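Student: Okay, here's the prediction I keep looking at, along with the sequence it came from:
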Amino acid sequence: MADDQHFDVIIIGTGAGGGTLAHRLAPTGKRILILERGDYLPRERDNWDSTAVFVKGKYRAPEFWYDKHGNEFPPEVNYYVGGNTKFYGAALFRLRPEDFGVLRHHDGLSPAWPIRYEDLEPYYTQAERLYLVHGRHGEDPTGGPTSAQYAYPPVAHEPRIQQLSDDLEKAGLRPFHLPIGVNLTQDENGGATHSSVCIRCDRVDGFPCLLGAKSDAQVICVDPALKHDNVTMVTNAHVRRLETDPTGRTVTKVVAELSNGTTEEFGADIVVVAAGAVNSAVLLLRSANDKHPGGLANSSDVVGRHYMRHNNLALMAVSKEPNPTRFQKTLALNDWYLGADDWDYPLGGIQMLGKSDTDQIHGEAPRWAGAVSPDMPFEVLAHHAVDFWLCGEDLPLPESRVTLDKDDAIHLALDEKNNVAGLKRLQHKLQGMLGHLGMHEHHLLPHSIYLHKGMPIGATAHQAGTVRFGEDPKSSALDSNCKAHDLDNLYVVDTSFFPSIGAVNPSLTAIANALRVGDHIAARLR
C-alpha cells in the first residue's frame, strides 16, 4: 500500500457519529481520511418540496431491504455527506439519567449502560454548544443535572403553540421548549433577525436545509474539519469490507468501491466505523475471515442483534381554531416519560412535529377516507392541523437483528409489537386531552407520511443497538470506549453502540459520545 494511502485514522461515515468525530480529531494534526458512501446533497428547490421529499422520497437511497418474512421494503436511509442528519428534525435531547440504568418496562427490562449519565454529561454540554442547540435546562421535569445552561435561548413558540403550552400547564402538566439545533438569532418577538441564518420556516423537520441553517453534521462538523490540511474526504466511496492482519487483532485494510467502479484500498493505525446501526453491522458481518468467522468484533455473536428504532406514532390533531404556525417544532412534554398515576411503567415523550402542509395532507388522503368530515377540504384541514410525535422505548431483543444472505442482501428482523403498551397509553393520554387543548376530540389522525407510509419496519431514522458496548466481551462487541473487544484498532461511534435507546431522539447522545471517544482516540494518537 502506497504511503499516501495510509492514514492515522480512517472514519467511515459522516453522520452524527462520524462527522462529529472528524471535527474532534481535525485539530490534532494527524492524517485523517473520511470515507463517505454518498456525495454532497444537491442544493435545489426540491429540497423544500413536500411532494419530492415525502411523497416521492426523492432523496431516499434507491435500495430495498427484506423483513423476516422475505418481503422487501424501502428503508428510510439517505447516503449523503452529513448522513441522516441532513433530514433529521434537529431535536437534540439528552437521555434521562434513569435511561443509563436498568429500567423496568411492561414487556421487560431496558439494560444498563457501562457508563453513567455523569460520565457523558460534560460531553452533552459540549455537544449542545457545538450543534447550536436552543433550549432552557430546568424546564423539563425529567431532565438530569447540567453543568451549564444552553448557550442559546429556546426558540419562541408561535401564538397557537404558546396557547397549547398554556393549556397543558392549566391541565397540571409541565410542557417545555424542545431543544433544537438551528442557527437562529431571534428578535424581541421571537422572529428571525435580518442577520439570522435560520428564517424560522416550515421546512425544518424531514427536509434538508437550503440555507445551511439546520445543525446537521455536514454543516457543523464535516465542512469545518475539511478546512484542516490534515483531513481528507473521499465521497461516493462505499466501504465493502475490512481486512485484518494474520493474527486477526488489527484492521490493516479498508476496501472501498468508488463511483467509477474501481476498488481502492486504504490503511490506517485506527479505523472507525460510523455507517449507521444497520450498515455498520453489515460491514462487520461482511468482513468475516478465518480469525473472525462470524464477522469482525463478533466473538460474542451480538453484532447485528438488539436492533432498536423506537416505538413511534406521528399524529395529526385538528385544531378548532386555525393554526397558522410555521416553525411548529418548539414544544415537548415528558410528564409520563417514566410512568403515570395509572401505569407503573414508562410511557415515553410527546413533541411537536414540523407543520403539515397541503401536499402532505393530499399524500395521506386515501388513508383518511371517511375519517375527516366531508365539509373540511384538505386545504382547510392543513390550515387547522397540529402535529405531534409520540416516542416510546422499544427493548433490545437478540432476535431483532440485521443479517446478510448469500446474495449480500440485507435482512432486518423486527418485533413490531415489542413494548408498545406504553405508547398506546401515551396516545390515549393525548386523545383524552384534545377537547381541553382546543382540538376536535375525534380527529387524531395517523400521520404515516412521517413513518414511511405506515410501515414501522421502514422507519429506520432512529436505528440503534446492533454493535452494543459493555464491560463483558461475552455479551457485548465494544468496550466502554467503543473499541472492539476483539481488535486493537477498531472503533464504532454511531448509534450502533447503544445498549438501550430510551424514548428521546438518539442524535445528541451519538454526538456527545463521538466527542468522548474522540478525546480517547486523540490521547491514544499522542
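Tutor: Looks like it arrived, so ask away. Keep in mind that this is a model prediction, so the values were computed, not measured.

Student: May I see the buried residues of stretch 337-349?
Tutor: Residues 337-338, 340, 345-349 are the ones in stretch 337-349 that count as buried (16 or more other C-beta atoms under 10 Å). Yep, even glycine has a C-beta here, placed from its N, CA and C like the rest.

Student: An error on my part: the question was meant for stretch 439-450.
Tutor: 439-440, 443-450.

Student: just to revisit the earlier point, farthest pair in the buried residues of stretch 337-349?
Tutor: Taking C-beta to C-beta as the measure, the buried residues of stretch 337-349 span a maximum distance of 14.2 Å, between 345 and 349.

Student: rewinding a little: turn the buried residues of stretch 337-349 into TSV, including distance to residue 275 and pLDDT.
Tutor: Formatted as TSV, these follow (distance: C-beta to C-beta, whole Å; pLDDT from 0 to 100):
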residue	distance to residue 275	pLDDT
337	30	98
338	33	97
340	38	96
345	33	98
346	30	98
347	32	98
348	28	97
349	28	98
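
Student: which one of the residues you listed sits closest to residue 215?
Tutor: Looking across the buried residues of stretch 337-349 and measuring by C-beta to C-beta, the closest to residue 215 is residue 349, at 20.4 Å.

Student: wait, isn't the closest one in contact with residue 503?
Tutor: Yes: using C-beta atoms under 8 Å, residue 349 is in contact with residue 503, at 5.4 Å.

Student: and for these two, which residues touch both?
Tutor: Residues within reach of residue 349 and of residue 503 at once, by C-beta atoms under 8 Å, 6 or more residues apart in numbering, are 337, 391.

Student: And the helices in the stretch 201-350 of the chain?
Tutor: Remark: helices assigned in the stretch 201-350 of the chain by DSSP state H, counting those that start in this stretch are 217, 223-225, 277-286.

Student: what helices or strands is the second one leaning on?
Tutor: If contacts are counted by 3 or more C-beta pairs under 8 Å, 6 or more residues apart in numbering; DSSP states H and E, helix 223-225 sits against helix 18-25.

Student: Please work out the average pLDDT along stretch 102-111.
Tutor: For stretch 102-111, mean pLDDT rounds to 97.

Student: What of stretch 137-146?
Tutor: The model assigns stretch 137-146 a mean pLDDT of 96.

Student: Repeat that for stretch 22-41.
Tutor: Averaged across stretch 22-41, the pLDDT comes to 98.

Student: Same check on stretch 177-187?
Tutor: The average pLDDT for stretch 177-187 rounds to 98.

Student: Also stretch 475-488?
Tutor: So the average pLDDT for stretch 475-488 ends up being 98.

Student: Residue 520 and residue 493, how far apart?
Tutor: Between residue 520 and residue 493 the computed distance is 10 Å (C-beta to C-beta, to the nearest Å).

Student: and those two? which has more neighbours close in?
Tutor: residue 493 (32 against 14; other C-beta atoms under 10 Å).

Student: do you know how far the more buried one is from residue 22?
Tutor: With distances taken as C-beta to C-beta, residue 493 is found 10 Å from residue 22.

Student: ok, now residue 143?
Tutor: Per C-beta to C-beta, residue 143 is found 29 Å from residue 22.

Student: what's the answer for residue 350, then?
Tutor: 34 Å.

Student: Look at those two and report which has more neighbours.
Tutor: residue 22 (29 against 25).

Student: Just give the closest residue to the more buried one, not the sequence neighbours.
Tutor: Take residue 22 and drop its neighbours on the chain: the residue closest to it by C-beta to C-beta, 6 or more residues apart in numbering is residue 225, 4.4 Å away.

Student: residues contacting that neighbour?
Tutor: 19, 22-23, 25-26, 32, 34, 231.

Student: Just among those residues, which is most surrounded?
Tutor: residue 19 (32 neighbours).

Student: Identify the residues contacting that residue.
Tutor: Contact analysis of residue 19 by C-beta under 8 Å, 6+ apart lists 13, 82-83, 85, 217-218, 220-222, 225.

Student: Pull out the buried residues from the residues you listed.
Tutor: 13, 82-83, 85, 217-218, 220-222, 225.

Student: still on that earlier bit, what about the helices of the stretch 201-350 of the chain, which gets the closest to residue 508?
Tutor: Residue 508 lies closest, by C-beta to C-beta, to one member of the helices of the stretch 201-350 of the chain: helix 217, at 12.0 Å.

Student: Now do the contacts for the spatially closest residue to residue 292 that is not a sequence neighbour.
Tutor: Of all residues not flanking residue 292 in the chain, residue 248 sits nearest, at 5.8 Å (C-beta to C-beta, 6+ apart). For residue 248, the contact set (C-beta under 8 Å, 6+ apart) comprises 289-292, 486-487.

Student: Let's see that with 10 Å instead.
Tutor: 289-292, 296, 486-487 (C-beta atoms under 10 Å, 6 or more residues apart in numbering).

Student: returning to what we had before: just the helices of the stretch 201-350 of the chain: most buried one?
Tutor: Of all these, helix 217 carries the top mean neighbour count, a mean of 32, counting by mean count of other C-beta atoms under 10 Å.

Student: Pull out the buried positions in stretch 102-110.
Tutor: 103, 105, 107, 110.

Student: okay, those residues in TSV with secondary structure next?
Tutor: Formatted as TSV, the buried residues of stretch 102-110 follow (DSSP: H, G, I helix; E, B strand; the rest coil):
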residue	secondary structure
103	strand
105	strand
107	coil
110	strand
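
Student: Kind regards, and thank you for your time.
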